[in-house]
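> test case, fold it:
(one chain, ligands or ions: 2)
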Amino acid sequence: MILSIESSCDDSAVAITQIATKKLLFHKKISQELAHSIYGGVVPELASRLHAEALPKILESAKEYILHVKAIAVTNEPGLSVTLVEGVTMAKALSVALSVPLIGVNHLKGHIYSLFIEKEALFPMTVLLVSGGHTQVIEAKSLQQMHTVASTMDDSFGESFDKVAKMMNLGYPGGPAIEKLAKNGDRLRYKFTLPLLQNKKIAFSYSGLKNAVRLAVEAGSEDDYADIAASFEHIATKHLIYKLGKYFQNTPPKRFAIVGGASANLYLRSQVKEMLKPYDAKLILAPLEFCSDNAAMIGRVAVEMYEKRLFSEIDSLHVNPRSSL
Ligand code: KG4
Ligand code: ZN
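Ligands and ions are numbered 1, 2, ... in the order given. Below is the predicted model of the structure:
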C-alpha cells in the first residue's frame, strides 16, 4: 500500500491506495474553508498551522494500514510553501520511521490522475485544468510526458470566482457560491467583454473581467448580484470555450478531460460538452468528490511512480511552490 499526503493549499488529506489493484482503501480530508471564509481567501500561515493540527489526526485514523505501507507519497509542488512543507515534513518522518521510500508528487499531475482513481490510466488526452491556482490546457501523453500548451496570463479561472464572490461577501471558496447564485440570474444582462478576443494567442486572462465585475457590483445593489454572478460565469466560461475552440482548429481532440476544483462547475461542464459535439471526442470527468484537492489523486500518481521506482532521497525532496508540470 501507499500512504499519500496532500497539503498544497487549504485541504489536509491522507489516502491509502493498494498498489497492485489501485483500490482506494482509505481517504480522509479535513477542509479549512470555514477558517479562511471570513478573510475571503486562503491565509497561508493560518493554513499551515491548521495542517499541523489536522494531518496527525487523520494519520491516527489510518493507523490500521501503517504496517502494510510500502512507500510514502506527498505533494511537494506546486502550492503554498508554508503548507507544502507540513505534508513534506510528515512524509519524511514517516519514511524514516517505516524505512520505506519517499515519492514526491506534482499536484497538477495529481489533478490529472483524479480521472483514474481505481482505474487504469488512459492516454493520450487533452486536459483543461481549472483550479484556484491554475488555468491550463495540457497535452498529456503519459505520466512523464505532459506539456502545457496554454495558460493564464494573470488570475486563474477558480481564483476569479473567489475574487468575485469576495466582492459580494459570499465567503470562500467562491466557485460553488457563485454557481449557486448564478442559477437564479440572467446570464445576458451584463455584457462583460470577452477577454483576449483580439489577441491571437491561445492564452487566458481573468483580471480584466474581474475589474469589470467590480464596477458592476459597485454600481448595483444586492438585487443585481444574481444577474452579475450569472453574467460573470457566462463570460468566464465562454472565454475558455472560445480559446479552446481556437486551439482545436489545429489540434482536434480525441479525448478531452476537465480536472481541478473548478471542473465541478456544471455550467462549464455543459458548455464543454456542447463544444465537443462536432469533434466526436470523448469527455472525461473525475467524480465530483475528487475534483477539489484530495490525497486519493496523489496516491494514484504515486502508484505509477512506485512501479517505475521514481523515488526521492530524503535530502533531495524539496518543496517547489512555483513549479509547473
Ligand atoms: O483544485 P482546487 O481544490 O485547489 C487548487 O488546486 O487550487 O480548486 C479550488 C478552486 C477554488 O478557486 C474554487 O472557488 C474553485 O476551485 N471551484 C469552483 C467551483 N468549485 C470549486 N469554481 C467554479 N465553480 C465551481 N462549482
Ligand atoms: Zn488543486
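> from now on I want contacts and neighbour counts done on CA atoms only, so please keep to that.
Fine.
> and the helix or strand harbouring K28, what's its mean pLDDT?
Assigned by DSSP states H and E, K28 falls within strand 24-31. Average pLDDT, strand 24-31: 98.
> show me how far it is from its chain's centre.
The gap between where strand 24-31 is centred and where its chain is centred comes out at 16 Å by Cα atoms, centre = their mean, to the nearest Å.
> E45 reaches S81, doesn't it?
No - the criterion here is Cα atoms under 8 Å, and E45 misses it with S81 at 9.9 Å.
> neighbour count winner among the two?
S81 (20 against 13; other Cα atoms under 10 Å).
> need the contact list for the more buried one.
Residues near S81 by Cα atoms under 8 Å, 6 or more residues apart in numbering: 8, 319-321.
> any of those buried? List them.
Buried members of the contacts of S81, scored by 16 or more other Cα atoms under 10 Å, are 8, 319-321.
> hmm, back to that, quick one: contacts of the strand holding K28?
Residues outside strand 24-31 that contact it (Cα under 8 Å, 6+ apart) are 10-18, 54, 58, 62, 117-118, 294-296.
> name the residues of the next helix or strand after it that are buried.
Remark: after strand 24-31, the chain's next helix or strand is helix 33-37, criterion DSSP H and E. Residues of helix 33-37 classed as buried by neighbour count (16+ other Cα under 10 Å): 33, 35-37.
> now do stretch 249-267
Buried-residue list, stretch 249-267, by 16+ other Cα under 10 Å: 252-253, 255-265, 267.
> with stretch 291-308 instead?
Neighbour counts over stretch 291-308 (16+ other Cα under 10 Å) mark 291-306 as buried.
> quick one: it near ligand 1?
Yes - contact of stretch 291-308 with ligand 1 (Cα under 6 Å from any ligand atom) involves 292-293.
> pull the CA atoms of that stretch into PDB?
This file holds the C-alpha atoms of stretch 291-308, laid out as PDB (Å, rounded to 0.1, in the frame of the first residue of the first chain):
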ATOM      1  CA  CYS A 291     -12.400  17.400  -8.400                       C
ATOM      2  CA  SER A 292     -11.100  19.500  -5.500                       C
ATOM      3  CA  ASP A 293      -7.800  18.900  -3.700                       C
ATOM      4  CA  ASN A 294      -7.500  15.400  -2.200                       C
ATOM      5  CA  ALA A 295      -4.900  12.700  -1.300                       C
ATOM      6  CA  ALA A 296      -6.500   9.900  -3.400                       C
ATOM      7  CA  MET A 297      -5.300  11.600  -6.600                       C
ATOM      8  CA  ILE A 298      -1.800  11.900  -5.100                       C
ATOM      9  CA  GLY A 299      -1.800   8.200  -4.200                       C
ATOM     10  CA  ARG A 300      -3.000   7.300  -7.700                       C
ATOM     11  CA  VAL A 301       0.000   9.100  -9.300                       C
ATOM     12  CA  ALA A 302       2.300   7.500  -6.700                       C
ATOM     13  CA  VAL A 303       1.200   4.000  -7.700                       C
ATOM     14  CA  GLU A 304       2.600   4.700 -11.200                       C
ATOM     15  CA  MET A 305       5.700   6.300  -9.800                       C
ATOM     16  CA  TYR A 306       6.200   3.300  -7.400                       C
ATOM     17  CA  GLU A 307       6.100   0.900 -10.300                       C
ATOM     18  CA  LYS A 308       8.700   3.000 -12.200                       C
END
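> show the contacting residues for the residue nearest to A52 when sequence neighbours are not counted.
Spatial nearest neighbour of A52, excluding adjacent residues (Cα to Cα, 6 or more residues apart in numbering): E86 at 6.3 Å. Contacts for E86 were tallied using Cα under 8 Å, 6+ apart; they are 7, 48, 51-52.
> just those residues now: which is nearest ligand 1?
Of all the contacts of E86, ligand 1 sits closest to S7, with 10.1 Å by Cα to the nearest ligand atom.
> hmm, A13 and that closest one touching each other?
Yes - using Cα under 8 Å, S7 is in contact with A13, at 6.8 Å.
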